[in-house]
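[1] Requesting a structural model of the entry that follows:
(one chain, ligands or ions: 1)
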Amino acid sequence: MMNKINIRAYEPSFRSQLRQICCDVADRGEPIERIFPDRDIAADLLTKYYTDYEPRSSFVAVCDGRLVGYINGCLDNRRYGLVMFWLLIPQLLVKAFKSGIFFKPQVLGMLKAVLENWPRIFTWRKGSFHSHQGHLHIGVASDFRHQDVGASLINALIEYAAQKGIVELEATVHSANKEASIFFEKQGFEIRARYPMVMVRDGQKERYQSLLYVRTISTI
Ligand SMILES: CC(C)(COP(=O)(O)OP(=O)(O)OC[C@H]1O[C@@H](n2cnc3c(N)ncnc32)[C@H](O)[C@@H]1OP(=O)(O)O)[C@@H](O)C(=O)NCCC(=O)NCCS
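    Numbers count the residues shown, from 1 in each chain. The predicted model follows:
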């Protein structure tokens, strides 16, 4: 019999497991290594804002002491943009430079793709750079999917966001990630925009669409 899965508020003791699981699911539900070689740097980029600067907006799913799912929430997109741009990205660039990762061909290819995406990322951020809008990232361990863990994590964040007066929550999904699209649509999210993007996977350039899903939150 499956043991009970508990949805709980994030605590710093879950930080290291959360960073691992994020890297385990970051490439459309699969491990990140086909797109990026360094888990520590990837986890900083993908999770550090949420765990270190806004920890109250994150929730975790725990089964027998093991973290099996997480939702990293941000309830203020403007603050997120400022912290990322002025603090975390500069720190990360220094860390990445010191680690020598910029000399790896996989990383150079990825950086070129990021530069190609830059104008689109800016257009997109301009449309969602408000303090009453939030966003989220969610991940569930592959052996715990389809057991309502994702839905329970979304509900925990939405309830919290509603109490805080947030009007919209966004999530971005790679167009090939059909499972995530179906999941978000079932949770009441709708596609607001599609951005053509470029990424490098297994050394090959891939074109895809970044789908911006939005859910309106009715405030309590
Ligand atoms: C997207 C994701 C978070 C969904 O998590 P999940 O825990 O599997 O989601 P849920 O179980 O709550 O719901 C997913 C599906 O399982 C179904 N389900 C729920 N309980 C079930 C059960 N006991 N048996 C079978 N299916 C079940 C749900 O009805 C839903 O069905 P649908 O796909 O037909 O709509 C998960 O697939 C994931 O981590 N993906 C990788 C990371 C990612 O892509 N994140 C999104 C970008 S931020």
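
[2] if I look at the residue nearest to residue 139 when sequence neighbours are not counted, how far off is the ligand?
    Spatial nearest neighbour of residue 139, excluding adjacent residues (C-beta to C-beta, 6 or more residues apart in numbering): residue 25 at 4.0 Å. Heads up, the C-betas are built off the backbone N, CA and C, glycines and all. Plainly put, residue 25 is 4 Å away from the ligand if you go by C-beta to the nearest ligand atom, to the nearest Å.

[3] Just to check, residue 25 is in contact with residue 143?
    No. Counting by C-beta atoms under 8 Å, residue 25 does not reach residue 143; the two are 11.6 Å apart.

[4] out of these two, which sits in the more crowded spot?
    Between residue 25 and residue 143, counted using other C-beta atoms under 10 Å, residue 25 has the larger neighbour count: 22 against 7.

[5] give the contact list for the closest residue to the ligand within the chain.
    With C-beta to the nearest ligand atom, the shortest gap between the chain and the ligand falls at residue 150, namely 2.6 Å. Contact analysis of residue 150 by C-beta atoms under 8 Å, 6 or more residues apart in numbering lists 69, 138, 140, 183, 187.

[6] Count residues in the vicinity of the second one, would you?
    The burial count assigned to residue 138 is 22, neighbours taken as other C-beta under 10 Å.

[7] measure it to residue 71 for me?
    As judged by C-beta to C-beta, to the nearest Å, residue 138 and residue 71 stand 5 Å apart.

[8] Give me the common contacts of these two.
    Common neighbours of residue 138 and residue 71 (C-beta under 8 Å, 6+ apart) are 153-154.

[9] which residues in the protein form strands?
    Along the chain, the stretches classed as strands by DSSP state E are 6-9, 58-63, 66-74, 133-140, 168-174, 190-201, 204-216.

[10] Nearest to residue 106, out of those?
    strand 190-201 (7.4 Å; C-beta to C-beta).

[11] hmm, back to that, so which of the contacts of residue 150 reach the ligand?
    Restricting these to those within reach of the ligand (C-beta under 6 Å from any ligand atom) leaves 138, 140, 183.

[12] Have a look at the protein and report its longest helix.
    Ranked by number of residues, the top helix in the chain under DSSP state H is helix 105-127.

[13] by contact count, what packs against that helix?
    strand 190-201, strand 204-216 (3 or more C-beta pairs under 8 Å, 6 or more residues apart in numbering; DSSP states H and E).

[14] buried residues in that helix?
    Neighbour counts over helix 105-127 (16 or more other C-beta atoms under 10 Å) mark 106-107, 109-110, 113, 117, 124 as buried.

[15] Likewise for stretch 195-208?
    Using 16+ other C-beta under 10 Å as the test for burial, stretch 195-208 gives 195, 197, 199-201, 208.

[16] Same check on stretch 167-176?
    Those would be 168-175, for stretch 167-176 by 16+ other C-beta under 10 Å.

[17] Same list, those, but as CSV with pLDDT and distance to the ligand please.
    As requested, the buried residues of stretch 167-176 are arranged in CSV below (pLDDT from 0 to 100; distance: C-beta to the nearest ligand atom, whole Å):
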residue, pLDDT, distance to the ligand
168, 93, 16
169, 96, 11
170, 95, 10
171, 97, 5
172, 95, 7
173, 97, 5
174, 96, 8
175, 97, 12
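
[18] between these, which is nearest residue 75?
    residue 169 (8.4 Å).
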